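> Pasting a predicted model and its sequence here:
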Amino acid sequence: HEPVLAGPPSAIYRTRKYVRRHRVMLGFVAVVFLGITAALVESNRQQRKVEAALEVAEEERAQAVMEAEKAAQVSRFLQEVLGANNPYDAGHAVLFQEEKEFSKRLLDRAAVNIEVDLADQPEVLAEVHDVLGTTYQGLGFKKEARPHLEASLAIRRELHGSLHPDVATSLDHLGFLAHESGGFREAKSNYLEALEIRRAVLGERHSDTATSLGRLGALEWDYSPEKGLWYGGADKGSIDRAEVYIRASLEIREETGDVLVHGISGCNRVLAMIHLERGEYEAALSCARTALEARLALVGPDHYLVFYDLRDLGKAYLAAGDPAAAEAPLRRCRAIVTRLYGDDHFSVASANRLLGDCLAAQGKFVSAEGFYVEALVWGRENKPRYEWVQGSAPVGLANARRANGDSAGAEASVRETLAWTREEFGER
């Protein structure tokens with residue numbers, strides 16, 4: 001017999017023995033382990049799918065943001081290009097009819113395919129229609145403006161319903177078109193609806209709410225019997241209502257410091273005219289000075305809008321019986337429009353007529369006669385139906401000639417005016 005070598009059991013021996021004794025339990029553990037492993041594998045796979053989906057979503061979101069920004073940039077570009085010739089918004093006026101016609105041709109070309117090109121971008125389409133409409137109107141092409149403004153309003157109503165700031169903007173612009181076109185009732189209806197929306201959505205003290213109040217005030221003043229745009233009938237404005245609207249607008253403007261067209265300057269201009277109509281000369285002068293100061297702070301001394309503020313200040317001084325104080329602002333306003341327009345423009349003729357009145361009131365009849373002649377020559381050729389062309393300017397000219405010792409010239413001026421009036425308007 002061979003000797004038996006005794007020794008401690010090996011690790012392999014112990015493992016086999018343990019497995020034989022606990023076969024069931026170890027089988028269960030193995031199943032659980034495999035299940036956990038499979039679950040971990042599946043979870044990892046799902047996580048990778050989720051991460052991939054998130055990555056795709058992020059790429060799509062980034063693409064969407066990029067497309068939205070591109071659309072916004074296109075919209076801004078179109079608005080800037082199309083609106084660049086709108087004298088209401090630009091830092092200059094479109095001065096001559098040739099420029100207006102050229103700008104109109106550009107707008108006509110831009111408008112041809114917008115319904116097709118922007119069919120999938122209704123917000124941009126509405127904005128472009130609005131810019132086209134306001135620019136056509138600013139250039140004096142009101143017939144061409146209307147369909148664009150109406151299209152913009154229709155799109156915005158469809159997109160947003162009735163209570164939305166963009167809808168109010170379209171109503172405001174359509175109201176302004178009617179305001180300038182003799183449509184008092186339509187203008188007032190649109191202005192009131194825009195005001196109601198802005199009060200509901202933006203609040204009572206918002207600058208856009210102030211704009212609507214200012215629009216209504218200007219409309220009531222322009223179509224009041226005192227101002228002269230009222231042609232009879234039931235639809236007329238009221239200077240009392242005008243003052244209420246304008247003061248409500250001005251109160252908001254003074255809170256916000258808004259000096260734009262319908263801001264502090266615009267409100268004070270209307271108030272100055274209302275005070276003049278009532279014979280409240282000191283109040284008129286105060287408002288006219290405030291309007292001029294606000295405008296100068298906004299646009300500087302050479303902007304064409306300053307002409308109106310200087311003219312109104314001069315008229316207020318004349319009405320208050322201080323022609324010497326009126327002369328400086330009236331000469332400044334004439335210098336602005338002459339530099340911008342040359343001599344062949346209504347604003348220059350209007351300034352000449354006012355300067356004639358101003359100088360005549362100071363006894364400077366020789367200088368006054370020259371301004372009256374310039375105003376009448378232009379007025380009879382271009383604006384024969386204006387009141388001052390028919391009345392105040394020829395009467396002023398005759399008075400200036402008589403004061404200069406030229407009675408024959410004064411009589412000739414009156415006879416010439418009478419003959420011209422009969423030829424132009426007939427016997428009435």
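Received it, and whenever you're ready, just let me know what you need.

> show me what contacts E220?
G237, S238, I239, R241, A242, Y245 (CB atoms under 8 Å, 6 or more residues apart in numbering). In this view, the C-beta of every residue, glycine as well, is placed from N, C-alpha and C.

> which ones are touching the fifth one?
Contacts were defined as CB under 8 Å, 6+ apart; by that measure A242 touches G217, A218, L219, E220, W221, S224, V270, I274.

> how about those in a markdown table, adding distance to K143, pLDDT and secondary structure?
Output for those, formatted as a markdown table (distance: CB to CB, whole Å; pLDDT from 0 to 100; DSSP: H, G, I helix; E, B strand; the rest coil):
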| residue | distance to K143 | pLDDT | secondary structure |
| --- | --- | --- | --- |
| G217 | 27 | 95 | helix |
| A218 | 23 | 92 | helix |
| L219 | 21 | 93 | helix |
| E220 | 26 | 93 | helix |
| W221 | 26 | 92 | helix |
| S224 | 27 | 88 | coil |
| V270 | 28 | 92 | helix |
| I274 | 32 | 94 | helix |
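
> E282 reaches A320, doesn't it?
Yes - under the criterion of CB atoms under 8 Å, E282 makes contact with A320 at 7.4 Å.

> Comparing the two, which shows the higher neighbour count?
A320 (17 against 10; other CB atoms under 10 Å).

> okay, stretch 246-259 in CSV with CA atoms only?
What follows is stretch 246-259, C-alpha atoms only, in CSV (Å, rounded to 0.1, in the frame of the first residue of the first chain):
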residue,chain,number,x,y,z
ILE,A,246,-55.4,115.6,-25.0
ARG,A,247,-55.0,116.4,-21.3
ALA,A,248,-55.5,112.7,-20.4
SER,A,249,-52.8,111.8,-23.0
LEU,A,250,-50.5,114.5,-21.8
GLU,A,251,-50.7,113.4,-18.2
ILE,A,252,-49.5,109.9,-19.2
ARG,A,253,-46.8,111.4,-21.5
GLU,A,254,-45.4,113.5,-18.8
GLU,A,255,-45.1,110.5,-16.5
THR,A,256,-43.2,108.5,-19.2
GLY,A,257,-41.2,111.5,-20.7
ASP,A,258,-42.5,110.6,-24.1
VAL,A,259,-41.8,113.5,-26.5
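
> Contacts for it, please.
By CB under 8 Å, 6+ apart, stretch 246-259 touches 205-207, 209-211, 213-214, 217-218, 221, 262-265, 267-268, 270-271, 274, 294-295, 297-298.

> make it 10 Å
Contact partners of stretch 246-259, identified using CB atoms under 10 Å, 6 or more residues apart in numbering, comprise 204-218, 220-221, 239, 260, 262-271, 274, 287, 290-291, 293-299.

> Where does L285 fall, secondary structure wise?
Using DSSP states H and E, L285 falls within helix 281-299.

> mind checking how far that helix is from the chain centre?
In terms of CA atoms, centre = their mean, to the nearest Å, the centre of helix 281-299 is found 21 Å from the chain centre.

> ok, back up a step: nearest to S392, of the contacts of E220?
Top of the list for closeness to S392, among these and by CB to CB, is I239 at 22.0 Å.

> Run a quick neighbour tally on the closest one.
21.

> That one and K227 touch, don't they?
Yes - using CB atoms under 10 Å, I239 is in contact with K227, at 7.8 Å.

> Does D120 lie in a helix or a strand, and which?
Per DSSP H and E: nothing holds D120, as it lies in no helix or strand.

> again with R109
Counting by DSSP H and E, R109 is found in helix 97-111.

> Which residues are in contact with the closest residue to E374 other than its chain neighbours?
Using CB to CB, 6 or more residues apart in numbering and skipping the chain neighbours, the partner closest in space to E374 is N352 (4.6 Å). Residues near N352 by CB under 10 Å, 6+ apart: 330, 334, 337-338, 343, 370-379, 393.

> Next: V395.
Y372, W388, A410, S413, V414, T417.

> Closest one to R198 out of those residues, please.
R198 lies nearest to W388 out of those, by CB to CB, at 38.2 Å.

> quick one: pLDDT of that closest one?
pLDDT, W388: 62.

> Just give the nearest non-adjacent residue to D312, would you?
The shortest distance from D312 to any non-neighbouring residue, by CB to CB, 6+ apart, is to A288 (5.1 Å).

> so what's the one you found up against?
268-269, 271-273, 275-276, 309-317, 329.

> if we take the contacts of A242, which one ends up nearest to S103?
Minimum distance to S103 across these is 25.5 Å, recorded for A218 (CB to CB).

> Just give the nearest non-adjacent residue to that closest one, would you?
Closest to A218 by CB to CB, 6+ apart is V270, at 5.8 Å.

> Equivalent analysis for D208, please.
Using CB to CB, 6+ apart, the nearest residue to D208 is R198, at 4.9 Å.

> Secondary structure element for that neighbour, which one?
helix 184-201.

> Which residue ranges of the protein form strands?
Shown for the chain, no strands are assigned by DSSP state E.

> check contacts around the residue nearest to A218.
214, 217-218, 220-222, 227, 239, 242-243, 245-247, 249-250, 262, 287, 291, 312.

> Can you give me the distance of it to L313?
V270 sits at a distance of 14 Å from L313 (criterion: CB to CB, to the nearest Å).
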